[in-house]
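Asker: Starting from these lines, generate the structure:
(chains A and B)
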Amino acid sequence: MNAAAKITPALVAEHGLKPDEYQRLLDLIGREPSLTELGIFSAMWNEHCSYKSSKVHLRGLPTKGPHVIQGPGENAGVIDIGDGLACVFKMESHNHPSYIEPYQGAATGVGGILRDVFTMGARPIACLNALSFGAPEHAKTRHLVSGVVAGIGGYGNSFGVPTVGGSVRFHNRYDGNILVNAMAVGLARKDKIFYAAASGVGMPIVYLGSKTGRDGIHGASMASAEFDDDSAEKRPTVQVGDPFSEKLLLEACLEIMEKGCVIAIQDMGAAGLTSSATEMGAKGDLGVTLDLDKVPCREEGMTAYEMMLSESQERMLMVLKPDKEKEAEAIFRKWGLDFAVVGETTPTKRFIVRHKGQVMADLPIKELGDSAPEYKRAFVTAEKLPVIDAGAVEARGSIADALERMIATPDLCSKRWVWEQYDHIIGGNTVQRPGGDAAVVRVEDGPKALALTTDVTPRYCEASPFEGGKQAVAECWRNLTAVGATPLAITDNLNFGNPERPEIMGQFVGCVRGISEACKALDFPVVSGNVSLYNETNGKAILPTPSIGGVGLLEDFTKSATLAFKRDGDAILLVGETAGWLGQSIYLREICAREEGAPPPVDLIEERENGDFVRGLILDGTASAVHDLSDGGLLVALAEMAMASGIGATLDVPPDDIPAHAYWFGEDQARYIVTVPAKKADAVLARARDASVLASRIGVTGGKALALHGERALSVASLSDKSEGWLPAYMAGEA
Amino acid sequence: MKAAVLVFPGINRERDMARTLKLVSGAAPNMVWHAEHDLPAGTDLVVVPGGFSYGDYLRCGAIAARSPIMDAVRAFAGKGGLVLGVCNGFQILCESGLLPGVLMRNENLRFICRDVYLKVERSNSPFTRGYNAGQVIRVPVAHGEGNYIADGETIARLEGEGRVMFRYSSPDGMIDPNWNHNGAINAIAGIVNEKGNVLGMMPHPENHVEEAIGRTDGRGLFAGLTDTLQKVA
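Answerer: Predicted structure coming up:
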């Protein structure tokens, strides 16, 4: 062992290990670790890599289903979409780095998730992003929006994947901790999926891709701690992205996979070489020996410690078939990428790292991951908030005024300014572009297509973690249904504050339980995911934000429904029950300045019945336009359908048992608007009755304005101007 | 048609282009690696597709323009062969001296992906014979550096010789700064060389060739090329 730096309690603490965790380390290896070993443990045992606070709860999530090929635990989840094809997808956060250095933080977030997908042998066909920013008036927000959006575009556009959807929200609870959750979706042959588990003793371990530099050292540890006022000093821990190298890496990897050269493959993401090498060995029940003298380095004089902890981007580790090594090397050289044999598999189940003739680390490979601490942290369940009686909420101003204000708010306004900076059409398969309920991307030459969306309503999660968790999954399922897809599976990206605080842990536990219940009820398993904790600054946590990324399947992409009204004279039908739920609604927050009450409950049986009914109307060609109801309720949804088409609507008088503002803006769940040709309306309503689904006719499309009884007419063009206006004006410093 | 689509490291719309060429002409193109010195025998159309060759590092298209294959492309163009450059391909053609001018950053300094309207200035060219002069087509753009500029004398020549093939316009064909998303001089979206056999354009006609995926306005360009080359053959 190398002459060890003195391992002091202060050094242990700097590595993010608690005294009891360090004791666990000592018990495991029976001696004091070297500095390199301490670094390796800190990389493997931090929250980001070990899931030590969350693991015990994640076990409750449903992860199996008839079409699930690979659930959580690999680089990404894999589902069967028929015809010998598989969809590979995952969502992952890059929150802490994006706050510190928004462009590179977001860019490398996209790079990391793309690598997770193509590591498994899939060509990426789409990206989505769920973004949460601080209040618009916060001093840093504009800078962060600008940098994050440019970073996402800068990486994805250059790499050459269409960014087809996602979400953008603003709230002061994200002032000190923004969220950047990136999702990538890829396509592979079902019988050509690649995994991390190494096999065979004495196999060469090959390093591929970019060189190793000093960037990103301790990135994963940073993502496992709270921020304070000096967090900007952590900028050197943010990695720098190179989408050009990643594109080369993609093409080279797919080429050597196609040629049958690869036994096992693992990308170097968080905790770089350490995590990828130990994972390949541990999963294959093998030991790994690395010779760091062989690692391609960007700069001279790098120590073993630095090489093992570097998070330089665009790197891969592989076990190649020995007889194909030369062929693989030639392919990598053709693409101008580094290729080096840096180690081999051994029968010892030890992880041995050599550098300059010295053994710098000698650790039990399985225990390194398996023996990571696991906590059952204390949690408290928040008190239930009272249900707000809609009748007790006084309307503020007219319905027309409220609608005009709401569609121009940061959360509900058009996000065109964002998604126009993303190439959303490359690939030639984007059937539905951003701005609808879900993006629709054709699978190869069709007729199949995938529907993709990301969803969560953090204010509901804060008010009731369990209902909020359910709602996030239900809304995702609803959005996929609204374009006509059959929802298949989700990836979850769970963003919370400091889990050492019982109230935060309570949010986490509640949301996970809600997600689990909804996934079970909707047959919508979780196949991959990521947990991001410690999203708080100076003790102020983010809103609990479990982002749900969903994938659905359309057998025929030409049958997908869009939300735009199609023609004058179609009957507008409202599917689902409307009670006028105002608690935690956008109306209550934006118009009444109150963030109060219990969120709308989700009846999962009703959700499923209503959704199945609507999907049926889409697939048999009856529905001409479909939109799910969510933030802002019925009237906001109708306005969105009008703005997407330029066609207006005349709406019937609301039922007299619900206050008008609660009818138009309440956020009851499990609802859709469906338009159908007028002459089919009665038959559709009869079908709904037969299916025990509540549905009613609420108006008719036509004209150039939204006409509500007793309100001034709202021209669709002026609504569009308001909806489109806010974000560009804000970014230009004019709002 | 026997098309060759050039592949540089970092190019990413070569698959879209190859698919469209096959869809419209019926023949799959040859994909030609940048390190090659020769075009496949019998090549009658060279396409330089879009993307981020060499990551757009140094200057868009500057490194690709110095690839071995570009000597062959210059020779091919010199003999009157048809060359089409789209987006990064347009930038590469400018950098290789096959077309005049440069593409600067978009006026608003942001990448822009959206459908735009193009006024087709002339229909008497192998590239635009599938359209009528004055016709307005709708095709997507996806670029951060598409703001065309050249010195005054060059612009005067381009205009005087009728070498501007496409201009950004309003849906009814008006040239209007509000419809010129990247700030290009004279709303120039696409130009040809002196002999008229090399076209560079920023928008992506190859992404609008199917009704089910948007629209088919881009088809005319490829149909026109197919028609031209079939008549020659």
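Asker: What helices and strands are in contact with the lowest-mean-pLDDT helix or strand in chain B?
Answerer: Ranking every helix and strand in chain B by mean pLDDT, DSSP states H and E puts helix B:219-232 at the bottom, with a mean of 92. On a contact count with 3 or more Cβ pairs under 8 Å, 6 or more residues apart in numbering or on different chains; DSSP states H and E, helix B:219-232 meets helix B:14-25, strand B:82-86. Glycine gets a C-beta too; all of them are placed from N, C-alpha and C.
Asker: got the contact list for it?
Answerer: B:1-2, B:20-21, B:24-26, B:44-45, B:82, B:84, B:126-131, B:137, B:205-206, B:208-209 (Cβ atoms under 8 Å, 6 or more residues apart in numbering or on different chains).
Asker: Can you list the buried residues in that helix?
Answerer: By neighbour count with 16 or more other Cβ atoms under 10 Å in any protein chain shown, helix B:219-232 contains the buried residues B:219, B:220, B:221, B:222, B:223, B:224, B:225, B:226, B:228, B:229.
Asker: From the residues you listed, pick the one nearest residue A:283.
Answerer: residue B:222 (48.2 Å; Cβ to Cβ).
Asker: Enumerate every residue touching the residue nearest to residue A:51 when sequence neighbours are not counted.
Answerer: Spatial nearest neighbour of residue A:51, excluding adjacent residues (Cβ to Cβ, 6 or more residues apart in numbering or on different chains): residue A:531 at 5.8 Å. By Cβ under 8 Å, 6+ apart, the residues touching residue A:531 are A:47, A:51, A:54, A:58, A:494, A:496.
Asker: re earlier: overlap between the contacts of helix B:219-232 and the residues near chain A?
Answerer: B:20, B:206, B:209 (Cβ under 8 Å from any Cβ of the partner chain).
Asker: Where do the helices of chain B begin and end?
Answerer: Listed in chain order, the helices of chain B (DSSP state H) span B:14-25, B:68-78, B:88-95, B:152-160, B:219-232.
Asker: Give the buried residues for the fourth one.
Answerer: Read it as helix B:152-160. Buried, per 16+ other Cβ under 10 Å, within helix B:152-160: B:155, B:158.
Asker: How many neighbouring residues does whichever residue of the stretch 551-700 of chain A sits closest to chain B have?
Answerer: Of all residues in the stretch 551-700 of chain A, the one sitting closest to chain B is residue A:558 (5.4 Å; Cβ to the nearest Cβ). Neighbour count of residue A:558, defined by other Cβ atoms under 10 Å in any protein chain shown: 12.
Asker: Spatially nearest residue to it, not counting backbone neighbours?
Answerer: residue B:212 (5.4 Å).
Asker: Quick check: the one you found touching residue A:557?
Answerer: Yes - Residue B:212 is within contact range of residue A:557, at 6.7 Å (criterion: Cβ atoms under 8 Å).
Asker: Got phi/psi on the residue nearest in space to the middle of chain A?
Answerer: Residue closest to the average C-alpha location in chain A (Cα atoms, centre = their mean): residue A:91, at 3.7 Å. Dihedral pair for residue A:91: phi -120, psi 140, per degrees, to the nearest 10.
Asker: so what's it up against?
Answerer: Per Cβ under 8 Å, 6+ apart, neighbours of residue A:91: A:113, A:128, A:130, A:181-183, A:454, A:491-493, A:528-530, A:547, A:549.
Asker: distance of residue A:84 from residue A:551?
Answerer: According to Cβ to Cβ, to the nearest Å, residue A:84 and residue A:551 sit 18 Å apart.
Asker: Looking at those two now, which is surrounded by more residues?
Answerer: Counted by other Cβ under 10 Å, residue A:84 and residue A:551 do not tie: residue A:551 has more neighbours, with 28 against 11.
Asker: if we can go back for a sec, which one's more surrounded, residue B:212 and residue A:557?
Answerer: Neighbour totals were compared for residue B:212 and residue A:557, and residue A:557 leads with 24 against 14 (other Cβ under 10 Å).
Asker: could you measure that one against residue A:472, distance?
Answerer: Distance from residue A:557 to residue A:472, by Cβ to Cβ: 26 Å.
Asker: again, but for residue A:542
Answerer: Taking Cβ to Cβ, one finds residue A:542 at 15 Å from residue A:472.
Asker: With residue A:374 instead?
Answerer: Taking Cβ to Cβ, one finds residue A:374 at 25 Å from residue A:472.
Asker: Those two: who's more crowded?
Answerer: Per other Cβ under 10 Å, whichever of residue A:374 and residue A:472 has more neighbours is residue A:472, with 30 against 13.
Asker: wait, what's in contact with residue 150?
Answerer: Picked chain A for this. Here residue A:150 is in contact with A:103, A:421, B:110, B:111 (Cβ under 8 Å, 6+ apart).
Asker: nope, chain B
Answerer: Shown in contact with residue B:150 (Cβ under 8 Å, 6+ apart): B:100, B:101, B:102, B:158, B:185.
Asker: For the residues you listed, which single residue is the most surrounded?
Answerer: residue B:158 (23 neighbours).
Asker: Beyond the worst-scoring helix or strand of chain A on mean pLDDT, next helix or strand please.
Answerer: For chain A, scoring each helix and strand by mean pLDDT, DSSP H and E identifies helix A:219-222 as the least confident one, at a mean of 62. With elements assigned by DSSP states H and E, the helix or strand that comes after helix A:219-222 is helix A:243-258.
Asker: same for that following helix, what does it pack against?
Answerer: So helix A:243-258, by 3+ Cβ pairs under 8 Å, 6+ apart, packs with helix A:102-118, strand A:123-133, helix A:141-159, strand A:204-209, strand A:262-267, strand A:315-320, helix A:325-334.
Asker: from these, which stretch is densest packed?
Answerer: helix A:102-118 (a mean of 28; mean count of other Cβ atoms under 10 Å in any protein chain shown).
Asker: Looking at residue A:389 now. What's its pLDDT?
Answerer: Looking at residue A:389, its pLDDT reads 94.
Asker: residues contacting it?
Answerer: Contacts of residue A:389 by Cβ under 8 Å, 6+ apart: none found.
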